[in-house]
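> Below are the sequence and a predicted model; questions follow.
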Amino acid sequence: MFDEAYFVLSENALRAHASERDMISEANRIIREGGDSTPRKPQLLRIAALLFSVALFLLAVGFLIRAF
């Protein structure tokens with residue numbers, strides 16, 4: 001997912017001596033919580049394509065009914 005990760009630490013975090021383990025745990029939490037946002041875009045595109053196809057089909061059926 002990511003090649004690199006960067007942290008911006010506040011002065012308070014530096015004074016509290018945040019450990020490497022804490023930063024790794026936080027990075028893993030961010031990845032877990034934010035990792036599911038990527039598949040949404042292709043899923044939305046599939047839904048939009050399906051709805052567009054259904055609309056075109058209904059339009060074609062309407063023209064055929066009206067023609068006969």
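In hand now; what should we look at?

> which stretches of the chain have low pLDDT?
In the prediction, the chain carries residues with pLDDT under 70 at positions 1-5, 7, 9, 13-18, 35-40.

> Please repeat the previous calculation with a cut-off of 90.
For the chain, the stretches flagged by pLDDT under 90 are 1-45, 66-68.

> mind listing the helices in it by residue range?
Per DSSP state H, the chain carries helices over the ranges 11-15, 20-34, 40-67.

> Let's have those in JSON lines, adding mean neighbour count.
Where C-beta positions appear, they are placed from N, C-alpha and C, glycine not excepted. As requested, the helices of the chain are exported to JSON lines (neighbours: other CB atoms under 10 Å):
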{"stretch": "helix 11-15", "mean neighbour count": "9"}
{"stretch": "helix 20-34", "mean neighbour count": "11"}
{"stretch": "helix 40-67", "mean neighbour count": "10"}
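
> Can you tell me how far I47 is from S53?
11 Å (CB to CB, to the nearest Å).

> I'd like to know how far the residue sitting furthest away from the middle of the chain sits from V61.
When distances are taken from the C-alpha mean of the chain, F68 lies farthest, 46.5 Å away, according to CA atoms, centre = their mean. When distances are taken as CB to CB, F68 and V61 turn out to be 11 Å apart.
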